[in-house]
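Visitor: Let's see this in three dimensions:
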Amino acid sequence: MTLSLNNLTFIIVTFKSEYIIHECIESLPKDSNIIIIENSNNQELKKELEEKYSKISVIVQENRGMGSANNKGIKFCKTDYAFVINPDVKLYENTIKELINLSSKFNDYSILAPISDDVKYPNYKINNKKVTNDNPDCLSVDSVDGYAMLINKNKFSDNIYFDENFFLYLENDDLCLRQKKKYNKIYIAKKAKINHLGGKSHSASHEKEIEFSRNWHWMWSKFYFNKKHYGYLKAFLSTFPTLLSSVIKLLYYLVTNNKFKKKIYTMRFLGLLNSMLGKKSWYRPQV
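Guide: Residues are numbered from 1 along each chain as shown. Predicted coordinates for the structure are as follows:
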């Protein structure tokens, strides 16, 4: 099967995203298949979106994390291609057209991603800088950021997508690394641009608590990712300096009475410690 708008479903995971989700949806091609996984149990948002837009389904659930929610959307969709996209991302008018054009030329990929319009913050990584990437249409890369990635379900014969042990962060890196180990291709489409606001998928009123959650989960995921792929010892050696730094900064901000910074480094320390001890990624934002 080939990529087309009829054979494509957009998967959007939302969490306190009421104020921004409409901009994302309205940037998608008209009559797109859309599945939204609403992770903050907002039944009113489900009603609002399903009444306003056609060909949209909203699944409301408790917050189980990005990976778990994306998996639910991917497995629920009936098309061969699933476009995972964050609510703070907007597509250009020709983004999908360019992805379809590239897919017709290079259809051996498991993951294809549009390119960020902000050259200062590329949404991909290439580990071997010596590899030649002179194709005018695409880049062969090692990983892409999870806020916009097109998944070719035909390449996932085991139906295993995101590792649900990750609640937040690095679930996309893990997915890409597993695909590379299977010698599956990951491409960036140079002519298919997107705009990513970055960290704006929730209301500003929740920013502090979301920031605490980010710090906890970033550290938890960093250790877990390294342990999963490279072993406990390497994970410990690569993250111990961060653990020590977090303790020092925590003590400093305790003495200087900076409550916000103290909480940030407390969360970093606890996230990393929990991961080192083999505990699940249990922390949830208090919003």
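
Visitor: so where's this protein shaky on pLDDT?
Guide: For the chain, the stretches with pLDDT under 70 are 130-132, 199-205.

Visitor: mind listing the strands in it by residue range?
Guide: Taking DSSP state E as the criterion, the chain contains strands spanning 8-14, 33-38, 56-60, 81-85, 89-91, 109-116, 124-125, 138-140, 143-144, 148-152, 185-196.

Visitor: Report all helices and strands that the fifth one contacts.
Guide: Pointing back at strand 89-91 there. helix 21-27, strand 185-196 (3 or more Cβ pairs under 8 Å, 6 or more residues apart in numbering; DSSP states H and E). (C-beta placed from N, C-alpha, C; glycine too.)

Visitor: among the ones you listed, which is the most enclosed?
Guide: Highest mean neighbour count among the helices and strands packed on strand 89-91 (mean count of other Cβ atoms under 10 Å): strand 185-196, with a mean of 21.

Visitor: Adjacent strands (with direction) for that strand?
Guide: strand 89-91 (antiparallel), strand 109-116 (parallel), strand 138-140 (antiparallel) (DSSP bridges).

Visitor: Quick one: residues contacting the residue nearest in space to the middle of the chain.
Guide: The residue lying closest to the centre of the chain (Cα atoms, centre = their mean) is residue 146, at 3.0 Å. Applying Cβ atoms under 8 Å, 6 or more residues apart in numbering to residue 146 gives the contacts 66, 70, 84, 86, 171, 172, 175.

Visitor: Show only the entries of the residues you listed found in helices.
Guide: Residues of the contacts of residue 146 located in helices (DSSP state H): 66, 70, 171, 172, 175.

Visitor: just those residues now: which is nearest residue 6?
Guide: Among these, residue 70 lies closest to residue 6 (Cβ to Cβ), at 21.5 Å.

Visitor: Give me the residues contacting stretch 71-78.
Guide: 9, 11-13, 33, 35-37, 57, 59, 61, 82, 84, 151, 153, 159, 161-162, 164.

Visitor: Filter these down to the buried ones, ChimeraX style.
Guide: Those of the contacts of stretch 71-78 that count as buried under 16 or more other Cβ atoms under 10 Å are selected in ChimeraX with:
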select :9,11,12,13,33,35,36,37,57,82,84,151,153,161,162,164
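
Visitor: tell me the most buried of the strands paired with strand 185-196?
Guide: It is strand 109-116: most buried of the strands paired with strand 185-196 by mean count of other Cβ under 10 Å, with a mean of 25.

Visitor: which residues sit against that one?
Guide: Contacts of strand 109-116 (Cβ under 8 Å, 6+ apart): 91, 95, 98-99, 102-103, 122-124, 144-145, 148-152, 155-156, 175-176, 179, 182, 184-196.

Visitor: Likewise for stretch 178-193?
Guide: 92, 94-96, 98-99, 101-102, 106, 108-117, 123-124, 136-144, 155, 176.

Visitor: Give me the number of neighbouring residues for residue 280.
Guide: Counted by other Cβ atoms under 10 Å, the residues lying close to residue 280 total 11.

Visitor: quick one: it and residue 165 touch, right?
Guide: Yes. If you go by Cβ atoms under 8 Å, residue 280 and residue 165 touch, sitting 7.2 Å apart.

Visitor: re the thing from before, dump the strands of the chain into TSV; add distance to residue 251 as well.
Guide: Below are the strands of the chain laid out as TSV (distance: least, Cβ to Cβ, whole Å):
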stretch	distance to residue 251
strand 8-14	37
strand 33-38	40
strand 56-60	42
strand 81-85	40
strand 89-91	39
strand 109-116	38
strand 124-125	34
strand 138-140	44
strand 143-144	35
strand 148-152	40
strand 185-196	36
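
Visitor: Residue 210 and residue 49: what is the separation?
Guide: From residue 210 across to residue 49, the span is 22 Å (Cβ to Cβ, to the nearest Å).

Visitor: swap in residue 23?
Guide: From residue 23 to residue 49 the distance is 13 Å (Cβ to Cβ).

Visitor: And for residue 250?
Guide: 41 Å.

Visitor: quick one, what contacts residue 89?
Guide: By Cβ under 8 Å, 6+ apart, the residues touching residue 89 are 24, 147, 148, 194, 195, 196, 197.

Visitor: now with 10 Å?
Guide: For residue 89, the contacting residues are 12, 20, 23-24, 27, 114, 116, 123, 147-148, 194-198, 200-201, by Cβ atoms under 10 Å, 6 or more residues apart in numbering.

Visitor: swap in residue 100?
Guide: Counting by Cβ under 10 Å, 6+ apart, residue 100 touches 2, 3, 4, 5, 7, 8, 81, 189, 192.
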